[in-house]
Every structure is written in structure tokens, then in C-alpha cells.
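> model this:
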Amino acid sequence: MADDVITTTGIARHGATRLPSVDIDSFNIELKDEDGFLGDRASKGAFRKILEHWRKPLRKSGEDPFGDEPSDKISKKTLDAILVSDDTEASAVVHSAIEDFAQELAYVTRRFLKTKAWAKTECIVVGGGFRDSRLGELAIARAEIILKDEGFGVDMVPIRYHPDEAGLIGALHLAPSWIFEAHDSVLAVDIGGTNIRCGVVETGRKKAEDLSKASVWKSDLWRHADDEPTREGAVKGLVKMLKGLIEEADTEGLRLAPFIGIACPGVINEDGSIEKGAQNLPGNWESSKFNLPVSLVEAIPLIGEHDTTVLMHNDGVVQGLSEVPFMQHVTRWGVLTIGTGLGNARFTNRHKENGKKGGGEHKDDEKAEDKKAAKKKAKD
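Next up is the predicted model:
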């Protein structure tokens, strides 16, 4: 597959562990306990099961405040509203579910923190669809309190951007900084088991060189799970979305870089193939005969007047990368994404080498010594 690596990118490897701003210490760890995968205890589905558990006693007495609505069909917006409603019984059910889920999240996080890869983690960013709610924010805050009470000196914070936008904005941090010198935006793709989201991300470098002012200019969403396409059909749909965004960006006068950053579930090999973890995507994306970056370069060989470059990485990693500008106060930090499963990644910030600074200080010391020697010689 070496030829494919050259075809899709000449600037980095897909799924790389060293990126411009961070080293990736681990991602997509699949910890297990006696009941199965550990992440299943702190997933979106796990919260719904806990909510159902607390509804059962009330349902038996005919006093379930949610009526006949299945627990997995109640929207986050409805649950958030109940938290502050006058219906104390319904509110108590939701608060009980939040507390139990927070205990599970704390347990899972504790297990990650005890692994070698997550040692000395100072801060954990929590993303994923569950975070996009008040009940999610409360669960994250409660889990942090539980861990700190147990002596874990780690902060847990909700991801700054909306999870849907974080999965696109993080793609900026896959690309080397020089690619932005002549461009103000890039194409980004976030692939999930239900949706494919594509967007044009503006770098905002004129406002902040660290990309902290980056934003999604425009995005399109395709809920492919409703259409149940084949793998090839999914790729064609993705290409159509990207070409549409390229045309719109050109019309608006954006200087689009010849770069597409992709967030995709699973373990991404350096040639752009997927080793494992893509079982929820349409068709077999783990086939040795399938390579998404190669397919995209073949379909979109040029962006503007330049050859297209594609870089793909794990979706949890990319979502976490959106926080790079805001994690400069720590050295080691991680991300957990609560969705269908529990995505995870641990990062170490790549600070500038001290050689230049040290060399400068050394030269200053030499100059000071020279001045002292000159003064002494003058006195003598």
C-alpha cells in the first residue's frame, strides 16, 4: 500500500501518532471488564438504560411522569427541560439517572487513568453527542467531583465547541501550519455510523495564529442510515457533498486549501486503510481492497490549481484536537467522546524545543562573562 500513501498525502501519515501540535499517546483503547467493553458502561445507550431503571418503580404504581414514551426516544431537550420543571418527581428521576451515570463515567475514567498511556493526565475534555445537553454537563461535573474526592487530580471539562463542529474543526490540527499561509479554509469530514457531515472550516488565523478562532463556515449533513447505501454509494454521496462545498467556497471567494481532513471511527492505518472499529459504517470499510483517502483523491484530484491532499484519523482523536489551543496550560490531556460508544485519546502537547532558548541564554551568559572579564582587565 506504499503507493497509496504517496497518492493520498505527501505531508504526513494517516492515523499518525505525531501531529504538528501534539503527540498522540494512545487512542481507541478497548478496555474490558467482566461484562464486556468498558466503554459501554458510559455510552449514550448506558444512560438510557439507567433512566429506564429509575422509571420502573413509578411505572409499576402507574405514576411514571414520562407516560408510555420509551426511554431511548425521550429527547435530550425534553430531559433538560424536566430538570428545571415544577414536576419534582420527573426531575428526581432524571437527577437519579445523572448521578448513576456519573458514577459509571467516573469508574470508566478511573480505569483509563490507571493505564500506562494515561498516566499523569492533567485534564480530560468530554465530547460526543451526550455532552450537548445540560444533563450531560451535570454528569461530567459530578464525575469530576467523584474522582477528585478519590484523590485523582484531574479536571474534566465539556468540549468547548458543539460536538458536531468539533469533529470538523479538529481536522485543522491534522495539517502542518505552512499549508495555511496562502489559504484561509479547509475541507473537513466527520464520518459516523448514522451521519456523514462535511464542512468548510475557516482557520481564523488573522485573529489568532493558534487557530483558537477557527469556525465552521458551512456544513452539510447526510443521514446515510436512513438511505442504507452501499459502501460505494456512501463514497459517492460524500464526494457529491464535498464538490458542492468546493463550488460554494469558490463562489464566496474563500481561499480553500487543497486539503481534506477526515475523522472516521476505528483504528486508521498509515496507508489510509481501516484496521478495525468501522463495523457501524455502511458496507465493509475494513476490507483490504477499500481505501477512502485513495477514493477521494481519485474523485477530487485537484482543489483549485493544486493536487488534493487527504489525511484521515480516528474520530475521537479529531474531535479532541479541536481543543488544542485551549489546552496549552497543561502538558498531558485526554478526550472522551460519549456517543454510541466511548471514544478516547490521550495527548501530550509538543512544546517548542528549548534548544533555541537555551542557546540564546547561553550566549547571553557568555556576553556577561566577557563584560566582567573586560572590567577586571581595565582595573588591572
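> so where's the stretch 201-350 of the chain uncertain?
Scanning the stretch 201-350 of the chain with the threshold set as pLDDT under 70 gives no residue ranges.
> what ranges does it have for its helices?
224-227, 231-251, 292-299, 315-321 (DSSP state H, counting those that start in this stretch).
> next one: the stretch 51-200 of the chain
Under DSSP H, counting those that start in this stretch, the stretch 51-200 of the chain gives helices at 76-83, 88-113, 134-149, 163-169.
> winner for burial among the helices of the stretch 201-350 of the chain?
Burial among those, expressed as mean neighbours by mean count of other C-beta atoms under 10 Å, is greatest for helix 315-321, which shows a mean of 30. The C-beta positions use only the backbone N, C-alpha and C, and glycine is treated the same way.
> packing partners for that helix?
strand 22-27, strand 123-127, helix 163-169, strand 185-191, strand 256-264, strand 332-338, strand 342-349 (3 or more C-beta pairs under 8 Å, 6 or more residues apart in numbering; DSSP states H and E).
> with mean neighbour count and distance to Lys236 as extra columns, can I get these in a markdown table?
Output for the helices and strands packed on helix 315-321, formatted as a markdown table (neighbours: other C-beta atoms under 10 Å; distance: least, C-beta to C-beta, whole Å):
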| stretch | mean neighbour count | distance to Lys236 |
| --- | --- | --- |
| strand 22-27 | 19 | 29 |
| strand 123-127 | 25 | 29 |
| helix 163-169 | 26 | 21 |
| strand 185-191 | 26 | 14 |
| strand 256-264 | 25 | 16 |
| strand 332-338 | 26 | 28 |
| strand 342-349 | 24 | 27 |
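> for Gly233, which of the ones you listed is the nearest?
strand 185-191 (13.9 Å; C-beta to C-beta).
> quick one: strands adjacent to the closest one?
Here strand 185-191 is paired, per DSSP bridges, with strand 196-202 (antiparallel), strand 256-264 (parallel).
> for the shortest one, output the C-alpha coordinates as PDB.
Extracted C-alpha coordinates of strand 196-202, given in PDB (Å, rounded to 0.1, in the frame of the first residue of the first chain):
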ATOM      1  CA  ILE A 196     -21.700  11.900   7.400                       C
ATOM      2  CA  ARG A 197     -21.000  15.600   8.000                       C
ATOM      3  CA  CYS A 198     -18.900  17.700   5.700                       C
ATOM      4  CA  GLY A 199     -17.900  21.300   6.200                       C
ATOM      5  CA  VAL A 200     -15.700  24.200   5.200                       C
ATOM      6  CA  VAL A 201     -13.700  25.300   8.300                       C
ATOM      7  CA  GLU A 202     -12.200  28.800   8.400                       C
END
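> give me the contact list for that strand.
Residues from elsewhere that reach strand 196-202, judged by C-beta atoms under 8 Å, 6 or more residues apart in numbering: 164-165, 167-169, 171-172, 184-190, 214-222, 224, 234, 237-238, 241-242, 245, 248-249, 254, 256.
> what angle do that strand and helix 231-251 make?
20 degrees (axes from the mean of the first three to the mean of the last three C-alpha atoms, to 10 degrees).
> mind checking how far strand 196-202 is from the chain centre?
Remark: strand 196-202 is offset 14 Å from the chain centroid, using C-alpha atoms, centre = their mean, to the nearest Å.
> same question, stretch 37-57
23 Å.
> tell me which residues of that stretch come out buried.
Neighbour-count burial for stretch 37-57 flags 38-44, 46-52, 54-55 (criterion: 16 or more other C-beta atoms under 10 Å).
> what is the burial count for Leu58?
16 (other C-beta atoms under 10 Å).
> make 527 the first number, not 1, from now on.
With the count now opening at 527, the last piece we talked about shows up as Leu584.
> that one and Pro596: what is the separation?
Separation of Leu584 from Pro596 (C-beta to C-beta, to the nearest Å): 15 Å.
> returning to what we had before: among the helices of the stretch 577-726 of the chain, which is the most enclosed?
Greatest burial across those, using mean count of other C-beta under 10 Å, falls to helix 689-695, with a mean of 26.
> pLDDT (mean, whole number) over that helix?
Across helix 689-695, the average pLDDT comes to 95.
> return the distance of it from the chain's centre.
On C-alpha atoms, centre = their mean, the centre of helix 689-695 falls 7 Å from the chain's centre.
> ok, Gly730 - contacts?
Going by C-beta under 8 Å, 6+ apart, the list of residues near Gly730 reads Leu737, Ser738, Lys739, Ala740, Ser741.
> quick one: closest of the helices and strands packed on helix 841-847 to Thr756.
strand 711-717 (15.1 Å).
> just the terminal-to-terminal distance for stretch 643-660.
The straight-line separation of the ends of stretch 643-660 (C-alpha to C-alpha, to the nearest Å) is 30 Å.
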